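1. sequence? don't have it. structure:
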């Protein structure tokens, strides 16, 4: 589909040997036997199956648990590159948090004319119930996953912000665990920053965001939609590693202005709830009345300062792809600085000139649904058939406001191990940032997703993507 | 601990115990089938009854055949007590309580599920049956070993053990109930020896044939077998042993939570009843009546534990 030399390969971009961060790994790899590595690769799959790191596929009847394919070649980032990325992510997370506070309070950014009012107030992800509510510690986005792509030596772009309920962090941790088990000798050769502090940092960060009306214990719990949710493994994994309870809606009840959980010794209060269910299912009394997943009355407890909900309800608006197109302005408006990380140029199809441009250049562009996620409802112009292009053209004309378009980025590649040896495949990167009232912590690493199909630019696990361990090197 | 988690542990271990018991009953039936005349499938009728799935079997099959019975007991998904159904249910509960069990226990259960799913993907031929049953036995031992070797002795452990021993007590009692007539003295009066095959079914179903011979030095008599399965505290599948374990785990919970519940009164009554009677008295009053009462008590106790520890909302 595409000529591979056009792309920046993170290991071999120089042409005359590996790039510096990959040099020690490359030297090690060159002395390894391909068959041994292939064997390790299938051992890794067995390891994942045993551990139960699986995800459930929606729309598949048999309680089907799939593995996300794991590639054993690490994605390597130098300490210098990482320092710049974390600065950029931290700036962006602060800006998103300030933006959320603003749109649910005085809406200065709208008054200043920097973001159109209808983009906020008519947005499905905007929660009127949050107007005037200040979350404990003023933190909206306790956990953020920032999707980054790279196109060159110094070219990083933010592709998406995930401020709602970002997932994938269990893969960051288990991928490393797997690599440590399979290649212990590698880690004595290459000094890699550990990711294993994440669960402890997460717990500390959540416990630091307790509400005013807090019980003695500063009790944290993870709220899951249940065992059939695609990310159930991750919910259980995080609860387990933080040493907190994994609760479902039916374990919880409001008693005396607190959310309590049903234990073997009666109902016990919870102070911070790390919820992995969407806003609309959170509270059948305040949102979707048919929801069986949430806790009736939790929003009233929340507004009265009896519970911290992480992330705060209404943060999903920051993930909106139309809002995304304003991020450079948003960063500048709240931080007074230029954005350190670039945005991908974005055409808002709601604007007639943009729509006309997009329709004229459909074969070159990537078109995304404003509220879409997981790679669904997306058109990759250069890879699309005539039929797909025509179908998307019709959708665009019918509901232009539902779409944005971006140029097809020349995503960087990192080699994967194939039957014939190393072969370049496109990747993205999702680092995880934790925000507490006093600081932002970014774990050195993240989830590298890789499009396993040759030439493919779609890295989503639901669309044939896999993962890699992500190494951030020590100074 | 969450009430739901306690319930998940309890049922996870009930199902594990059940899968093992079902496999053992298949083994007993199979062994006896080999030593009996061709075409006589009576043994399977009693195995199905013991597993309390005879009515379900006849919803699926019109006639009783060894191969169908084996398949029904090992792998039929319409039979909730089949080895495969029970293991799947145990694993589902293990996923639910993933945060309460060690990685070793989870991996042992998950491994067991994956291996048995593969081994039981197709009907098992009689030729392969011994190996398959061996695999099931081995996997059960693996899960138990992981549990005993890695779990903290706390409330989590107690709920798991309660599940194991309630299921086991129920199981052994049902074996006795289905076979009680074999043990009645009237049938085996002086001179007429107890049907070898029958008593072997009983002992094999509880993996007790060797233990019993060991203890009795080869002497076989019906009252002795009943005494062994009801009252012998050395026999890990006897009623007395199971009840003793249930009792001590409930006492641990009482101490840990500093709270006494109705279930504690119930287990005390049950323990006292076993302590103050003997096999002679039981035979005098009727073995069947004794077992029926015991099964009722065990079922009531299970329900009471679920309620006292808030398994459900």
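-> Perfect, I can see it now. Because the structure is a prediction, the values reported are computed rather than measured.
2. use CA for all of it now, contacts and neighbours both
-> Noted.
3. where does the record place the domain boundaries for chain B?
-> Here the domain parsing of chain B from automatic domain parsing is B:1-151, B:152-313.
4. just give the nearest non-adjacent residue to residue A:97, would you?
-> In space, and not counting its chain neighbours, residue A:97 is closest to residue A:140: 5.9 Å by Cα to Cα, 6 or more residues apart in numbering or on different chains.
5. number of residues surrounding the closest residue to residue A:282 other than its chain neighbours?
-> In space, not counting the residues next to it along the chain, residue A:282 is nearest to residue A:294; the distance is 4.3 Å by Cα to Cα, 6+ apart. Counted with other Cα atoms under 10 Å in any protein chain shown, the neighbours of residue A:294 add up to 29.
6. what's the answer for residue A:169, then?
-> The burial count assigned to residue A:169 is 21, neighbours taken as other Cα under 10 Å.
7. near chain A, which residues of the stretch 51-200 of chain B? Just list them.
-> Residues of the stretch 51-200 of chain B lying close to chain A (Cα under 8 Å from any Cα of the partner chain) are B:95, B:96, B:98, B:99, B:100, B:103, B:106, B:107, B:110, B:111.
8. where does pLDDT dip in the chain?
-> Went with chain A since none was named. Counting by pLDDT under 70, chain A contains low-confidence ranges at A:1-5, A:54-64, A:372-376.
9. think we crossed wires, I meant chain B
-> Judged against pLDDT under 70, the low-scoring parts of chain B cover residues B:35-41, B:181-198, B:217-219.
10. dump the residue contacts of the residue of the stretch 101-250 of chain B found nearest chain A.
-> When distances are taken as Cα to the nearest Cα, the stretch 101-250 of chain B reaches nearest to chain A at residue B:107, 5.7 Å away. Remark: with contacts taken as Cα atoms under 8 Å, 6 or more residues apart in numbering or on different chains, residue B:107 is in contact with A:50, A:51, A:52.
11. about what we covered before: what helix or strand does the residue nearest to residue A:282 sit in?
-> Element membership of residue A:294 [criterion: DSSP states H and E] is none; it lies in no helix or strand.
12. is it true that it touches residue A:279?
-> No. Here residue A:294 does not reach residue A:279: they are 9.2 Å apart, not a contact under Cα atoms under 8 Å.
13. near chain B, which residues of the stretch 51-200 of chain A are found?
-> A:51, A:52.
14. pick out the residue of the stretch 51-200 of chain A closest to chain B.
-> The stretch 51-200 of chain A approaches chain B most closely through residue A:51 (6.0 Å), counting by Cα to the nearest Cα.
15. sorry, back to before: helix, strand or coil for the residue nearest to residue A:97?
-> For residue A:140, the secondary-structure state derived from DSSP: H, G, I helix; E, B strand; the rest coil is coil.
16. ok, and the closest non-adjacent residue to the residue of the stretch 51-200 of chain A closest to chain B?
-> Using Cα to Cα, 6+ apart, the closest residue to residue A:51 is residue B:107 (6.0 Å).
17. so the one you found versus residue B:114, what's the distance?
-> 10 Å (Cα to Cα, to the nearest Å).
18. so which strand or helix has residue 202?
-> Using chain A. Assessed by DSSP H and E, residue A:202 sits inside helix A:198-207.
19. let me rephrase: I mean chain B.
-> helix B:196-205.
20. so what touches that helix?
-> The contact list for helix B:196-205 (Cα under 8 Å, 6+ apart) reads B:21, B:24-25, B:27-29, B:32, B:175-176, B:179, B:182, B:209, B:212, B:222.
21. mind listing what's buried along it?
-> Residues B:199, B:200, B:201, B:202, B:203, B:204, B:205 are the ones in helix B:196-205 that count as buried (16 or more other Cα atoms under 10 Å in any protein chain shown).
22. which single one of the residues you listed is nearest to residue A:288?
-> residue B:205 (52.8 Å; Cα to Cα).
23. spit out the contact partners of the residue nearest to the closest one when sequence neighbours are not counted.
-> By the measure of Cα to Cα, 6+ apart, the closest residue to residue B:205 outside its immediate chain neighbours is residue B:25, 5.0 Å from it. Contacts of residue B:25 were listed using Cα under 8 Å, 6+ apart, and they are B:47, B:51, B:204, B:205.
24. how far away is the last one from residue B:249?
-> Pointing back at residue B:205 there. Residue B:205 sits at a distance of 25 Å from residue B:249 (criterion: Cα to Cα).
25. next one: the third one
-> Using Cα to Cα, we find residue B:204 at a distance of 28 Å from residue B:249.
26. again, but for the second one
-> In this structure, residue B:51 lies at 26 Å from residue B:249, with Cα to Cα as the measure.
27. likewise the first one?
-> Residue B:47 sits 31 Å away from residue B:249 when distances are taken as Cα to Cα.
28. who's more crowded, those two?
-> The neighbour comparison of residue B:47 against residue B:249 (other Cα under 10 Å) goes to residue B:47, with 27 against 21.
29. name the element the residue nearest to residue B:51 when sequence neighbours are not counted belongs to?
-> Residue nearest to residue B:51 in three dimensions, not counting chain neighbours: residue B:22, with 6.7 Å by Cα to Cα, 6+ apart. Counting by DSSP H and E, the element that carries residue B:22 is helix B:3-34.
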